[in-house]
Every structure is written in C-alpha cells, then in structure tokens.
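>>> what follows is a predicted protein model with its sequence.
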Amino acid sequence: MSLSKVTGFGIVTIFLLSLAASVAQAVHQRETTSQSQWWSARRDSAGVAPNPVKYAQQAIVQVYAAPTWGWKGAVAVHPWIIFKRAGETQYTRYEVISWGSGDKVRRNSNTPDGYWYGAKPRLLVSHRGAEAAALIPKIEAAIASYPWPDTYHAWPGPNSNTFLAHIGREVPALKLDMPANAVGKDYRSLLNPVGLPPSGRGVQLSLLGVAGITVGAEEGVEVNVLGLNLGLDFTPLSLRLPFIGSIGAGGHSGDNEQG
C-alpha cells in the first residue's frame with residue numbers, strides 16, 4: 001500500500017473516530033439531563049464565573065463555549081464572551097445568535113456562565129485584574145467592528161464562532177484558543193483570504209472557512225477541509241480534532257473558577 005493511501009486511510013479513520021466519540025458524548029449529555037425540549041432546557045448559571053459581587057473591585061474577562069443544541073451539538077460549539085470592569089457587580093455578555101431579524105450580535109440576552117440549552121459551558125480563557133482591565137476597551141472596539149453583524153450561516157459562517165474569532169484577531173492579548181470544533185472560526189472574506197488566526201498571533205490562509213491552514217501561537221498547526229479541522233497543538237502538546245475539539249494535555253479548562 002502506498003504512503004498516500006496509508007495517510008488517507010489514517011485521516012479518514014481519525015475523522016470517523018472523532019465523530020463517533022462526539023456523538024457518544026452528545027448522547028450521554030442528553031441522557032443525563034431531564035430536559036427534552038429546547039425551551040425547557042437548562043440555562044441557569046453553571047457556577048463557573050467568579051462571583052461578580054465578591055470580586056467587585058476586580059476586572060474580569062472570560063470566554064466560554066458549549067455544545068450547540070440538538071444534532072449540531074455533536075459536531076460544533078457555541079461561544080460567548082463576558083467581562084466586567086473594576087467596580088461593577090454584573091457581567092456584560094456578548095455573542096452572536098442566529099434567530100431573530102436584524103443585528104445578530106446580542107448583549108446580555110443570556111446568563112453570563114449559563115448552561116447553553118442543557119450543555120455545560122467550558123471556560124476557554126480567563127483574565128483578571130489589570131490585564132483584564134486593559135483588554136475590555138479593545139474587546140468593545142472589536143465587537144463594534146465585527147464585519148457581519150446582520151448575517152448568520154451555520155456553515156461555513158459567519159456565525160457565533162466567526163464573531164469570537166474576530167475578537168481574538170483584533171485583541172491578540174486575549175490569547176484566545178478556539179477549539180477545532182468551533183465551526184466558523186476560520187471564516188474569512190474571499191477578498192481577505194490571508195491574515196491572522198483567531199488567536200491573533202500567527203498566520204492563516206482560509207477560503208471562506210471551507211479550506212485552509214492555520215499556524216498560530218495558540219492553535220499550533222491546523223488544517224481545515226470543508227470546515228472540519230485537524231491539527232497539532234504544541235503548547236502544551238495535544239491533538240486538535242474535528243467534532244470533539246482536542247485530546248491531550250492542551251484540552252480546554254472546564255474547572256469551576258467561581259469564588
């Protein structure tokens with residue numbers, strides 16, 4: 001068997017195993033919740049975000065992601081960003097949501113660290129204190145400059161992952177590392193196929209998020225084929241996989257940070 005056939009077989013095997021693992025995880029998640037309909041699924045606090053009253057004098061910035069509702073939750077995630085300035089006792093949450101007419105960028109339409117229709121969110125990045133305070137005005141400027149506020153396409157984008165990726169590109173100090181199953185994070189205009197990756201540090205070539213390659217400080221090396229991403233992260237070492245995100249020491253944190 002030729003090397004090309006072995007390589008192709010290996011890639012197909014990885015994709016199928018990733019999909020199987022993701023489906024199993026999604027099924028388990030649905031079985032462990034009593035909610036069966038989207039309108040009655042959990043959306044209360046997951047208890048991850050630091051108590052904003054207790055830490056009123058501390059600026060905080062966090063990014064979360066959770067499996068999307070329904071069958072899409074087996075292959076993709078929905079992300080959002082929250083922040084508060086020192087002296088504030090409530091978080092501000094921003095995300096892009098598909099439903100409804102007009103502006104897709106929503107502010108404070110959901111609980112800061114709430115379950116996403118039954119799915120517990122993962123904490124992707126967290127900054128506190130002076131570091132967070134310096135990030136907030138840059139994040140607000142990035143939100144205001146989002147190129148597709150009135151457009152949403154689940155695949156290949158622009159969507160909720162495209163929105164967070166835009167913030168990451170505009171604010172490299174955020175050090176955003178979006179998981180491989182954040183479908184839409186690589187969406188770029190055909191007029192701008194080369195630029196920064198979602199981490200804001202590195203380089204990316206992407207054709208409408210359908211095909212491309214990313215080399216980044218947070219992402220490592222990642223190849224995108226039809227919106228499905230496969231790659232290797234070096235800091236720390238982990239395998240970036242479609243459907244499930246990643247396997248290895250570089251898996252994203254889901255720890256409870258609340259104080």
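The structure has been received and is ready for your questions.

>>> just after the worst-scoring helix or strand of the chain on mean pLDDT, pick out the following helix or strand.
The weakest-scoring helix or strand in the chain, judged by mean pLDDT, DSSP states H and E, is helix 3-31 (a mean of 61). Next helix or strand after helix 3-31 toward the C-terminus (DSSP states H and E): strand 60-67.

>>> which strands or helices does that following strand pack on?
strand 77-84, strand 122-128, helix 129-144 (3 or more CB pairs under 8 Å, 6 or more residues apart in numbering; DSSP states H and E). Just so you know, the C-beta spots here come from the backbone N, C-alpha and C atoms, and that holds for glycine as well.

>>> residue ranges with poor pLDDT in the stretch 1-150 of the chain?
1, 3-12, 14-36, 70-74 (pLDDT under 70).

>>> so residue 187 touches residue 206, yeah?
Yes: counting by CB atoms under 8 Å, residue 187 touches residue 206, with 7.3 Å between them.

>>> residue 206 pairs with what?
residue 212 (DSSP bridges).

>>> for it, what are its contacts?
186, 187, 188, 193, 212, 213, 214, 224 (CB atoms under 8 Å, 6 or more residues apart in numbering).

>>> and the two most separated of those?
187 and 213 (14.6 Å; CB to CB).

>>> take the contacts of residue 206 and keep only those in strands.
212, 213, 214, 224 (DSSP state E).

>>> and the closest residue to the last one other than its chain neighbours, how far from residue 130?
Going back to what we said before, that points to residue 224. Distance criterion CB to CB, 6 or more residues apart in numbering; nearest residue to residue 224, sequence neighbours excluded, is residue 212 at 4.7 Å. Distance, residue 212 to residue 130, using CB to CB, to the nearest Å: 36 Å.

>>> swap in residue 82?
18 Å.

>>> those two - which one has more neighbours?
Each of residue 82 and residue 130 has its neighbours counted (other CB atoms under 10 Å); residue 82 has more, 22 against 11.
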